[in-house]
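In: Build me a model:
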Amino acid sequence: EVQLQACGGGLVQAGGSLRVSCAASGVNFDADSIGWFRQAPGKEREEISCTSYSDGVTRYKDSVKGRFTVSRDIAKSMVYLQMNNLKPEDTAVYYCAAQRSGPYEYIYWGQGTLVTVSS
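Out: Residues are numbered from 1 along each chain as shown. A predicted model of the protein is given here:
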């Protein structure tokens with residue numbers, strides 16, 4: 001059974017850094033793509049990264065490219081989202097997801113964790 005749980009959110013000042021973790025039990029990293037999403041207040045949920053199972057390469061949304069980095073610790077079934085140079089517009093609930101079934105669609109979702117960036 002796949003279970004995902006994101007944690008590590010919090011309050012950070014603009015320009016600061018934060019790392020959000022996703023415990024991804026039951027995920028087959030050789031077969032399941034992993035995505036990070038966020039949903040800002042009053043906005044639709046958006047995919048900010050997708051890590052392909054086939055080559056382990058992560059693709060990022062332009063707005064976070066160069067500032068956010070996804071890493072995996074497969075032995076621990078953990079996925080991390082390192083966020084640097086945070087901006088107030090990065091304020092959102094962040095979610096991890098597994099098993100991409102279509103564009104921006106995943107089968108398994110974790111509970112989100114709130115990241116608030118103050119100006």
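In: so where does Glu44 fall, helix or strand?
Out: According to DSSP states H and E, Glu44 maps onto no helix or strand at all.
In: And the pLDDT for it?
Out: We note a pLDDT of 96 for Glu44 in this prediction.
In: Work out which residue lies at the spatial centre of this protein.
Out: In the chain, the C-alpha nearest the mean C-alpha coordinate belongs to Trp36, at 2.8 Å (CA atoms, centre = their mean).
In: So for stretch 35-43, what gets flagged as buried?
Out: Gly35, Trp36, Phe37, Arg38 (16 or more other CB atoms under 10 Å). Where C-beta positions appear, they are placed from N, C-alpha and C, glycine not excepted.
In: Make TSV out of those residues and add secondary structure.
Out: Written out in TSV, the entries for those read as follows (DSSP: H, G, I helix; E, B strand; the rest coil):
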residue	secondary structure
Gly35	strand
Trp36	strand
Phe37	strand
Arg38	strand
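In: Pick out the most distant pair among these.
Out: By the measure CB to CB, Gly35 and Arg38 form the most distant pair in the buried residues of stretch 35-43, at 10.7 Å.
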